[in-house]
Structures are given as C-alpha cells and as structure tokens.
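S.K.: Model the structure of this input:
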Amino acid sequence: MTSLYRGQSKKDKPRGRHHGLTQQKKQEIKEAFELFDTDDSGTIDAKELNVAMRSLGFEMTDEQINQMIADVDKDGSGAIDFEEFVHMMTAKIGERDTKEELMKAFHIIDQDNNGKISAADIQRIAKDLGEKFSEREIHNMIDEADHDHDGEVNAEEFMKMMKKTSYGKSETEENHTTMANQSQLKSAALLEQMKLQLATDAGKEIAKKIGHVYQINIAPKKIGFNEVIFIVDFKKGEVTKGPYEGNPDATFSFKDDDFVKIAAGKMKPEVAFMRGAMKIKGSLTAAQKFKPGVFLKQSKL
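M.R.: Here you go, the predicted model:
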C-alpha cells in the first residue's frame with residue numbers, strides 16, 4: 001500500500017515521543033507493526049490493524065477499527081503509519097491500565113465482595129479517611145452513578161463515575177463536591193490496598209527492606225474538606241490514621257490527585273517532587289526508599 005511518507009525510508013520518518021510506555025512495551029508495539037506491515041510500506045490497513053491489535057491483547061470490532069483509522073488518517077488513504085499506530089496504542093494501553101487500577105479500587109471498597117458498592121461500603125471508606133459524610137452526600141454519590149436504579153453501584157457504573165471524576169466534567173457545584181469526595185476515596189482505596197498487602201508474606205518482605213515510618217498528608221482538591229493523614233509503618237507492618245505520635249522518618253505531603261498518580265505508578269516520585277506535587281520533610285534517605293507505586297506493583301495488587 002502507499003506510504004503516508006512517500007519518498008522517505010522508515011528511518012527518515014519523523015519520530016514522536018511516546019510518553020507513558022515502558023521500553024518493553026514500545027518494542028512490542030514496534031514488532032507488532034512491522035510483523036503486519038507485510039509489504040514494508042510503512043503503513044497498515046484496517047485488516048492488518050485488527051490483527052496487530054489482537055496480538056497486543058486488544059479485541060476490537062470492525063467498526064471500532066475503522067473509527068480508529070478515521071480518527072488519525074488525515075489524507076484519507078485508509079491506512080496508518082507507525083507513529084499513528086504508536087499514538088493509538090499509547091492511548092489504548094493507558095485506558096487499559098486505568099481500568100485495571102479502578103477495578104482494584106472497586107474491589108477494595110466492595111467489602112462484602114458482592115460485586116456492588118453500597119452506602120455502607122462508602123461509609124466505611126469515609127471512616128478510614130476521617131471524613132463524615134451525610135446521608136445526602138452518600139446518596140448523591142450513589143445516585144450519580146446508579147444508572148440501573150438498584151440503590152448500589154456495580155463495577156461498570158463505578159468505572160464510568162470515576163473516569164468522569166478524573167476528567168472533571170461535572171458542571172454543578174454539588175457535583176464538584178461529590179467529585180472531591182470521590183477523589184479522596186481513590187487515595188483511601190490505594191492505602192487500603194497497601195494495608196492489606198502488608199499482611200501478606202510478600203508485603204512483609206518489602207516492609208522489612210524499607211524499615212521506616214512515614215506520615216502521608218493528603219490535601220483535598222476542594223476547599224472545605226479536611227486533610228487526610230495516614231501513617232505507613234514498615235517497622236510494624238501497618239497502615240493507620242495519623243498524625244504520628246513522635247517523629248516519623250519522613251513526611252510526604254500531596255494533593256489527593258497527585259498521590260493517586262504516584263501510588264498508581266502514573267507519575268514518578270522524582271518528577272512529582274521537582275514539580276512541587278510532592279513535598280518531603282525529614283530524612284531524604286528514608287524518603288527515597290518509600291515508593292508507593294513500586295510497592296503496590298511488586299505486591300501484585
């Protein structure tokens with residue numbers, strides 16, 4: 001098929017930066033593209049794209065494939081080049097990673113494992129946060145997501161609600177308040193995951209290697225909500241509500257959204273520190289040993 005970069009070899013084509021992808025994932029994407037670019041033209045068509053996507057673990061309908069091509073195919077050739085393919089895959093992988101993280105949070109909040117989040121589940125997480133939600137606030141949270149009107153939030157409804165929260169699309173002030181609550185729920189869910197993992201053999205081994213006590217201050221995104229303080233004690237192997245009685249080895253201060261990004265591995269602690277998204281007080285040596293994203297990843301949560 002005709003290349004979008006006529007007269008240029010593959011090595012001469014512009015190469016963009018592929019943010020958010022590991023080197024291994026970049027290589028997998030490159031190999032998938034080259035494998036199905038059978039005529040070595042530097043582009044693949046809809047049929048080839050579908051097969052390439054499947055090789056990378058994505059099941060797509062013909063309609064979805066055609067829409068993906070239409071979104072990036074500027075010259076109407078019906079084919080996409082490598083850079084366009086990488087751009088699409090970066091977005092798809094990001095969506096998949098986000099879904100996995102949200103499902104982890106869902107299962108943590110769903111305390112009785114019945115596949116739905118109830119008012120009691122939200123109240124329990126709120127207690128861990130040190131927040132007191134009124135019945136109306138909890139009702140608003142559930143009502144906003146409860147599309148089948150059964151009084152609870154299933155996994156699909158939870159995903160839609162939390163994605164909406166992440167992009168901040170609600171327009172009323174009441175919804176903004178609900179969003180702030182939901183954002184703090186993400187932080188609590190991640191810390192709850194850490195608490196559960198510390199009780200496992202793998203978690204205990206990691207805790208032993210770290211061996212420090214940390215205070216984590218999580219500031220709310222919206223004015224009017226209390227700062228949430230947690231103590232992560234790797235000496236005792238526990239996560240509790242703070243403040244710490246004494247001097248922790250290091251204290252971290254985050255905005256709730258930034259903590260979620262770091263704990264979920266979406267932002268490197270070093271980058272967060274340089275941007276001012278994370279502040280550190282106490283021993284820098286101790287602080288460098290605490291990387292929540294690495295801990296959760298190694299713990300296979």
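
S.K.: how about the helices in the stretch 151-300 of the chain?
M.R.: For the stretch 151-300 of the chain, applying DSSP state H, counting those that start in this stretch gives helices covering 155-167, 173-198, 201-210, 256-263, 269-275, 284-289, 292-298.

S.K.: Confidence-wise, which of the ones you listed is weakest overall?
M.R.: Lowest mean pLDDT of those: helix 292-298, a mean of 51.

S.K.: Neighbours of residue 159, how many?
M.R.: Around residue 159 there are 18 other residues, counting by other Cβ atoms under 10 Å. Where C-beta positions appear, they are placed from N, C-alpha and C, glycine not excepted.

S.K.: wait, it sits on residue 102?
M.R.: Yes. Counting by Cβ atoms under 8 Å, residue 159 touches residue 102, with 5.6 Å between them.

S.K.: What is the distance between the strand or helix carrying residue 120 and the centre of its chain?
M.R.: Assigned by DSSP states H and E, residue 120 belongs to helix 119-129. Chain-centre distance of helix 119-129: 21 Å, with Cα atoms, centre = their mean, to the nearest Å.

S.K.: so what secondary structure elements neighbour the helix or strand just after it?
M.R.: Following helix 119-129 in sequence order, the next helix or strand is helix 135-145 (DSSP H and E). Judged by 3 or more Cβ pairs under 8 Å, 6 or more residues apart in numbering; DSSP states H and E, the packing partners of helix 135-145 are helix 119-129, helix 155-167, helix 173-198.

S.K.: How far off centre is helix 135-145?
M.R.: Using Cα atoms, centre = their mean, the offset of helix 135-145 from its chain centre is 23 Å.

S.K.: Check which residues of it are buried.
M.R.: 137-138, 140-142, 144-145 (16 or more other Cβ atoms under 10 Å).

S.K.: of these, closest to residue 48?
M.R.: residue 145 (38.7 Å; Cβ to Cβ).

S.K.: Could you verify my assumption that that closest one touches residue 159?
M.R.: No. With contact defined as Cβ under 8 Å, residue 145 does not count as touching residue 159 (9.3 Å).

S.K.: helix or strand for the nearest residue to residue 88 once chain neighbours are set aside, which one?
M.R.: Once flanking residues are discounted, residue 88 sits nearest to residue 68: 5.7 Å by Cβ to Cβ, 6 or more residues apart in numbering. In the assignment (DSSP H and E), residue 68 maps to helix 62-72.

S.K.: Just give me the neighbour total for residue 236.
M.R.: Neighbours of residue 236 (other Cβ under 10 Å): 12.

S.K.: Name the residues linked to the residue nearest to residue 252 when sequence neighbours are not counted by a beta bridge.
M.R.: In space, and not counting its chain neighbours, residue 252 is closest to residue 216: 5.1 Å by Cβ to Cβ, 6+ apart. The residues listed as beta-bridge partners of residue 216 by DSSP bridges are residue 230, residue 252.

S.K.: Just the residues contacting stretch 280-292, thanks.
M.R.: Under the criterion Cβ atoms under 8 Å, 6 or more residues apart in numbering, residues 190, 194, 209-212, 214, 232, 234, 247-253, 259, 262-263, 269, 273 lie in contact with stretch 280-292.

S.K.: Can you select the buried ones among those for me in PyMOL?
M.R.: In PyMOL, a selection of the buried entries from the contacts of stretch 280-292 looks like this (16+ other Cβ under 10 Å):
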select buried, resi 190+194+210+212+214+232+234+248+249+250+251+252+253+259+262+263+269+273
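
S.K.: check contacts around the closest residue to residue 277 other than its chain neighbours.
M.R.: Leaving aside its sequence neighbours, residue 277 sits nearest to residue 258 (Cβ to Cβ, 6+ apart; 4.1 Å). Contact analysis of residue 258 by Cβ under 8 Å, 6+ apart lists 267, 272, 277-278.
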